[in-house]
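> Structural data only, the sequence is not supplied:
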């Protein structure tokens, strides 16, 4: 169990670093806060998330799995609540124009910034699992 927590903490730490490099919407004051954030997210992932998934199974079936992303977002809220040096800022996607196709800029605030950050972190952690292990676990 400790080994699993340690592995997931390291993966989450690197995922937070990569996410922050790509999107620049996370603020952590020190490396210590970064590691504590990763530990809180790893503990949430291992202990609380399975319990919440079972409790919210009927709602998850009705919403076709969207509640799973909201549960991940709850982990970020918990990390921000318990740590003073960790913040989730606005999620900004710049405008893209390619061969006449224009995608306008998108600015996500509050809950949607947490949701986009959580979604991005889960994708990065999943990609790290694919790289490191033969049979990745979601």
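Good, I have the coordinates. Remember, predicted model here, so these are calculated numbers, not experimental data.
> which stretches of this protein have low pLDDT?
Counting by pLDDT under 70, the chain shows low-confidence ranges at 137-138.
> how near is the residue nearest the centre of the chain to residue 5?
The residue lying closest to the centre of the chain (C-alpha atoms, centre = their mean) is residue 118, at 2.8 Å. Counting by C-beta to C-beta, to the nearest Å, the separation of residue 118 from residue 5 is 19 Å. (Each C-beta comes from the backbone N, C-alpha and C, glycine too.)
> tell me which element the residue nearest to the centre of the chain falls in.
helix 110-132 (DSSP states H and E).
> Could you name the helices and strands sitting against that helix?
For helix 110-132, the elements it packs on are helix 2-23, helix 66-82, strand 86-88, strand 91-93, judged by 3 or more C-beta pairs under 8 Å, 6 or more residues apart in numbering; DSSP states H and E.
> And the contacts of the first one?
The one in question is helix 2-23. Helix 2-23 is contacted from outside by 26, 28, 34-35, 37-39, 41-43, 45-46, 91-92, 117, 120-121, 124-125, 128-129, 132, using C-beta atoms under 8 Å, 6 or more residues apart in numbering.
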